[in-house]
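show me the folded form of this:
(chains A and B)
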2 protein chains.
Amino acid sequence: MKRILLLALAGVSLAGGAQTHDGGYPITPVPFTYVKVTDSFWGQRLKASREVTIPLAFSKCEETGRYENFAKAAHPSNDYKVEGFSFDDTDVYKTIEGASYSMQTYPDKKLDKYIDSVLMVVAAAQEPDGYLYTARTMNPQHPHEWAGSKRWEKVEDLSHEFYNLGHMVEGAVAHYQATGKRTFLDVAIKYADCVEKAIGDKPGQLVRVPGHQIAEMALCKLYLVTGQKKYLDLAKFFLDKRGYTERKDAYSQAHKPVLEQDEAVGHAVRAAYMYSGMADVAALTGDTGYVHAIDRIWENVVTKKLYITGGIGATNNGEAFGKNYELPNLSAYCETCAAIGNVYWNYRLFLLHGESKYYDVLERTLYNGLISGVSLEGNGFFYPNPLASTGQHQRKPWFGCACCPSNICRFIPSLPGYIYAVHDKNVYVNLFMSNSSDLKVGGKSLKLTQSTGYPWDGDVRLDMAPKGKQDFTLKIRVPGWVRGEVVPSDLYMFSDGKQLGYSVKVNGEPVESNLDKGYFSITRQWKKGDVVEVHFDMEPRMVKANVKVEADRGRVAVERGPVVYCAEWPDNSFGVMNVLMNRKPAFTVERKSDLLYGIDEIKVAAQALSYGRDGRLSVEDVTLTLIPYYAWAHRGKGEMAVWLPQEVNAVSPASDR
Amino acid sequence: MKRILLLALAGVSLAGGAQTHDGGYPITPVPFTYVKVTDSFWGQRLKASREVTIPLAFSKCEETGRYENFAKAAHPSNDYKVEGFSFDDTDVYKTIEGASYSMQTYPDKKLDKYIDSVLMVVAAAQEPDGYLYTARTMNPQHPHEWAGSKRWEKVEDLSHEFYNLGHMVEGAVAHYQATGKRTFLDVAIKYADCVEKAIGDKPGQLVRVPGHQIAEMALCKLYLVTGQKKYLDLAKFFLDKRGYTERKDAYSQAHKPVLEQDEAVGHAVRAAYMYSGMADVAALTGDTGYVHAIDRIWENVVTKKLYITGGIGATNNGEAFGKNYELPNLSAYCETCAAIGNVYWNYRLFLLHGESKYYDVLERTLYNGLISGVSLEGNGFFYPNPLASTGQHQRKPWFGCACCPSNICRFIPSLPGYIYAVHDKNVYVNLFMSNSSDLKVGGKSLKLTQSTGYPWDGDVRLDMAPKGKQDFTLKIRVPGWVRGEVVPSDLYMFSDGKQLGYSVKVNGEPVESNLDKGYFSITRQWKKGDVVEVHFDMEPRMVKANVKVEADRGRVAVERGPVVYCAEWPDNSFGVMNVLMNRKPAFTVERKSDLLYGIDEIKVAAQALSYGRDGRLSVEDVTLTLIPYYAWAHRGKGEMAVWLPQEVNAVSPASDR
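Residues are numbered from 1 along each chain as shown, chains lettered A, B, ... in the order given. Below you'll find the model as predicted:
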């Protein structure tokens, strides 16, 4: 057991671990445990996660019988009817994972004890050889309808036995890191060993791949925690056999071997998890074939399959990627879990390549299509995150299939780990939020304090406090939206085509730098008291989509900073689907501290179209109010639109037909 | 030779022929030679055809070297470069066909002599064994690039050797009927015999089908004229072998055996000619398999592939039918030849089934998408007939590929043959135009005079003059547009969903009848002096397309009587693509005797949308003027639209971008 190994993966470090790059990636993240977020924007989200979402998720696990499933599995009976989903166990694992992250920053004895008691129930459900899958164990004669009559029979279909393993490992590693307790980790290792024994291409083993990916990422973490290469080998086996087993469909990315894939297809969550797993295995094995494959697929996504909100997965049909340029708004699927998966994947691509474009996608996803998935209060969830609504959408307190809420549980507390990264004598500043952090650069300690009102203003101050004098390069990400790039492709374009201004000062003196892979680099000898001031212009701007995106033709979206805006009914006295934007509108920004936990509203002159009874059109001059997309659906049901008509043919037809 | 045989096919009778049904169809047409059109609407068209189009076509045949090709073929040389198209000969044949029809009603000695001289040149080009194909004969060593190195080698591809045969036979039969002279007929028989000898499934013969259909119809006519069954057998062979030879593509309807086809696909002219040929062979052989096939295909066309103008063939790509509901307006192909083919086909389906719905399609095609193909003056032609224009379309005086003008030459003079038909003691009145006719009903003579201002008004007077007293049923077609049916399907619907009123009086007394297959039937003993007065309401009406037709979504078209209207730039001071129709507009009709040879204009209040420089929309109340679609493109280039926006999202985007 290498206890001091750093888990570069997912920003998670072992308790007390050093910032090394044993995750295999060229670039080393600064784990969230070294970063204390003091930000008002994200502080609110972290607090809601800690105080509302995670307790809610635990109570839902209890209320919906998820704990009971484990208790039943400890004492199997032919009388038990196995209901719910075959992956219900994972909500328990995922919530423990989120709670563990949270406890690392905000120790909570009561929560720690609660988790201990939950884990006793979990451990009791494990079969003697390590198999842990309540959907079969509680009633082996009549297991869950998706489970198959024997182990692994349906693991490539819907049993989710490997998916459950994956989330168990992710949760167990987090719990171990947070608490130092091996209770959950030992259970996970035992199940992993059970799988590793049964699956493989040696005699007597079965060649099977997960129906739903995640074990690939998780087994890499388990390898880093335990130092046992067999887990890495199993992760690689799961990737390399895909496309060669019975399962051969695009839905689960099994239509061809992973190394040959070049288009994002099928179930978007499965896909993003798999691409992330490929990055992890590539980093740990040095296998560049995986990297070439995910680079090609990424190119496909950012040029043809990415929503302006960073959402992925256009269609409800298979919760899947659509065709190229198929990006409908009202029916956009954009599952919250897929947004999280998109962050995982782009994060790993940054760690591999060191280019800011991956963070451009990550930041866009984070501030828009990901946090839209949970209400500001932390107690309401979207499964799909559409870009338009006629009132049919509303956040719900939980779902029968609860993957999204429990994913939010584990993602939000891990966020501080995405801000910084280190590579030799380079310090990457990737996200902008107030925090104080404790980094290691070239083996030396650097305290770095970030102060900003981002995403509402574009001024970021970095207070440097190295131990003594230190030579290193500070690499500040200049976001794509500053550099005139909505996304790293021509899928979306700012309608004015211009770059925004930005400036950097060191100790009050302007400094210059050519951008290197999107980074403003300052190489110098740093000393305590050095102050770096970054300014990004924050004008609201209109975006147009590539004309091949049929759903957005004749429409514009409005962004400011990293935030995508939308028009919602409570702020406007006319139908927001029937509004017509001017060609060159003048935007004004108004701070609304009391609205939706504090937002900057955007106002703009526009025209509202309506029909009389005789079908006659009338046009009214109006002031259109826009709010951040993430903040919609907090005030009841009604119309919302991200893409607003600028051409009359994009205005909705008469609604009274 | 059965000289007295009636050619029921294509409304053509042998000179002096009786009205029998030897064409094999249950219903016997009244050939155009028995009908003298005195109509102002169609009289103008017939005059333009006679005085302008046919002379123009002959002069173009001369000017473009088409006669010279025959002269060269009479004296072959390796020096000749074979240029133009491999079917250029047919323009000569088709113009002779049209001129022959015309001469039958309007004898013209000068024209007769001119044709004689042309035919001497044609006959001289025939090879000793009957082969007549100047594209090879003039230079057998280096024939036309589409001809192949030997006879029939490319006949399923682009050589058009059988296509040339077909038009030769059609022209020759017409010339023989009109003049009694066998010059052209003997040439055609000799070529037909040459083909009949070479093609077949006996030893030493080749199994080949035409790359471009028409010979199927033509050979049926030749069978009726000569009484020789071998021509009918060859027509049937051409149909039955299709899909079984090397050629197996949908472009020429060879993707499957004709009996198995159920969707209209591929080149629209080839298709319509083939379906017509199938009807002819079915009528003459009693083979119902063909009828079932063309019934299925017709159902496909009228429910999914028919333009409101009666045009067929949506796409320039292969001059072909599009997918179901693929009916674009600006890029609509709607070749003039395909409209003529659509008339041929629907006419034959009426003769088979006696239902008025086929005439509904025929009439719609005739008054709209067919006559739009030739200018009112008779000297300008459209090859495609689009339903919208931004100014890129204009009629031309001729084409390199001249199929459409020469088809207009032969179609227009044959029109009077489409008005009446007879079946036992039933007289069908299918089209409405002033004429005097001489029918045979149950072996007895009936003079029938029709007087009407159709299509501008809906009053039709029939003056009956039977020889003595006669019992028979007068069957007056009540058009689909009166009965609330735009087409015989839900592809288009009147937006008010209502039937128009109509009434029938006999000798001033109202009579009633349930419609039978779309016909108002009056059975009585008729005597000379009986007067039938028919009235159809002629209110302008709005039409909507099935929502599956994407190009027409949010739009309406306007019809009055059988005439489809359009908005064209010379009549409107605002962009007709940017107009918005009211939901329930009030139409007014204005007679314009001096405009476009006399039309009824429609005026309606609407709204014109325009954009300011800043992209601000302004809406203006306007009076929109509509003209008949067939009459557009006579006053220069500019905007035209049949389908007019009624929903704002159908209005064109800002044009200044």
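
can we go C-alpha only for contacts and neighbour counts from here?
Noted.

how much space between whichever residue of chain A sits closest to chain B and B:Pro585?
Nearest to chain B, among the residues of chain A, is A:Asn649, at 3.4 Å (Cα to the nearest Cα). Between A:Asn649 and B:Pro585 the distance is 21 Å, computed by Cα to Cα, to the nearest Å.

so how many other residues sit close to the residue nearest to A:Pro540 when sequence neighbours are not counted?
Nearest residue to A:Pro540 in three dimensions, chain neighbours excluded: A:Arg560, at 4.4 Å (Cα to Cα, 6 or more residues apart in numbering or on different chains). The tally of other residues near A:Arg560 (other Cα atoms under 10 Å in any protein chain shown) stands at 21.

one more: A:Asp571?
Other residues near A:Asp571 come to 13 when the count uses other Cα under 10 Å.

what residues does the stretch 1-150 of chain A put near chain B?
For the stretch 1-150 of chain A, the contact set with chain B under Cα under 8 Å from any Cα of the partner chain is empty.

just checking, A:Ala314 touches A:Leu330?
No. Applying Cα atoms under 8 Å, one finds A:Ala314 not in contact with A:Leu330, separated by 10.2 Å.

who has more neighbours, these two?
A side-by-side neighbour count of A:Ala314 and A:Leu330, using other Cα under 10 Å, places A:Ala314 first with 30 against 18.

what sits against the more buried one?
By Cα atoms under 8 Å, 6 or more residues apart in numbering or on different chains, A:Ala314 lies in contact with A:Lys305, A:Ala320, A:Phe321, A:Gly322, A:Glu326, A:Leu327, A:Pro328, A:Ser331, A:Ala332, A:Tyr333, A:Cys334.

may I see the buried residues of stretch A:526-539?
The neighbour-count criterion (16 or more other Cα atoms under 10 Å in any protein chain shown) identifies A:526-528, A:530-539 as the buried residues of stretch A:526-539.

so what touches that stretch?
Under the criterion Cα under 8 Å, 6+ apart, residues A:457-472, A:482, A:500-508, A:560-561 lie in contact with stretch A:526-539.

of the residues you listed, grab the buried ones for PyMOL.
Per 16+ other Cα under 10 Å, the buried members of the contacts of stretch A:526-539 correspond to this PyMOL selection:
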select buried, chain A and resi 457+458+459+460+461+462+463+464+465+466+470+472+482+503+504+560+561
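
quick check: domain ranges of chain A?
What automatic domain parsing lists as the domains of chain A is A:9-418, A:421-477+A:502-536, A:542-650.

among the buried residues of stretch A:526-539, which are located in strands?
Residues of the buried residues of stretch A:526-539 located in strands (DSSP state E): A:Trp526, A:Val531, A:Val532, A:Glu533, A:Val534, A:His535, A:Phe536.

related to what we said a few turns ago, skipping its backbone neighbours, what lies nearest the residue of chain A closest to chain B in space?
B:Asn649 (3.4 Å).

give me the more crowded residue out of A:Asn649 and B:Pro585.
Between A:Asn649 and B:Pro585, counted using other Cα under 10 Å, the more crowded position is A:Asn649 (23 against 16).

that one contacts B:Val648, correct?
Yes. The criterion here is Cα under 8 Å, and A:Asn649 meets it with B:Val648 at 5.8 Å.

that older thread, okay, the buried residues of stretch A:526-539 in JSON lines with distance to A:Gln450 and pLDDT next?
Output for the buried residues of stretch A:526-539, formatted as JSON lines (distance: Cα to Cα, whole Å; pLDDT from 0 to 100):
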{"residue": "A:Trp526", "distance to A:Gln450": "16", "pLDDT": "97"}
{"residue": "A:Lys527", "distance to A:Gln450": "16", "pLDDT": "97"}
{"residue": "A:Lys528", "distance to A:Gln450": "14", "pLDDT": "97"}
{"residue": "A:Asp530", "distance to A:Gln450": "12", "pLDDT": "98"}
{"residue": "A:Val531", "distance to A:Gln450": "10", "pLDDT": "98"}
{"residue": "A:Val532", "distance to A:Gln450": "9", "pLDDT": "98"}
{"residue": "A:Glu533", "distance to A:Gln450": "10", "pLDDT": "98"}
{"residue": "A:Val534", "distance to A:Gln450": "11", "pLDDT": "98"}
{"residue": "A:His535", "distance to A:Gln450": "13", "pLDDT": "98"}
{"residue": "A:Phe536", "distance to A:Gln450": "15", "pLDDT": "98"}
{"residue": "A:Asp537", "distance to A:Gln450": "18", "pLDDT": "97"}
{"residue": "A:Met538", "distance to A:Gln450": "19", "pLDDT": "96"}
{"residue": "A:Glu539", "distance to A:Gln450": "22", "pLDDT": "96"}
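
residues in contact with the residue nearest to A:Asn649?
A:Val648, A:Asn649, A:Ala650, A:Val651, A:Ser652, A:Pro653, B:Gly554.

repeat that for A:Val506.
If you count contacts by Cα under 8 Å, 6+ apart, A:Val506 has them with A:Asp530, A:Val531, A:Val532, A:Glu533.

which two in those are spaced the farthest apart?
Greatest spacing in the contacts of A:Val506, by Cα to Cα: A:Asp530 and A:Glu533 (10.0 Å).

so the residue lying closest to A:Gly148 once chain neighbours are set aside: helix, strand or coil?
Leaving aside its chain neighbours, A:Gly148 sits nearest to A:Lys154 (5.3 Å; criterion: Cα to Cα, 6+ apart). What DSSP: H, G, I helix; E, B strand; the rest coil gives for A:Lys154 is coil.

outside of stretch A:89-98, which residues touch it?
Stretch A:89-98 has contacts (Cα under 8 Å, 6+ apart) with A:54, A:57-58, A:61, A:66-67, A:69-70, A:115, A:133-134, A:164, A:167-168, A:170-172, A:174-175, A:402-403, A:406-407, A:409-414.
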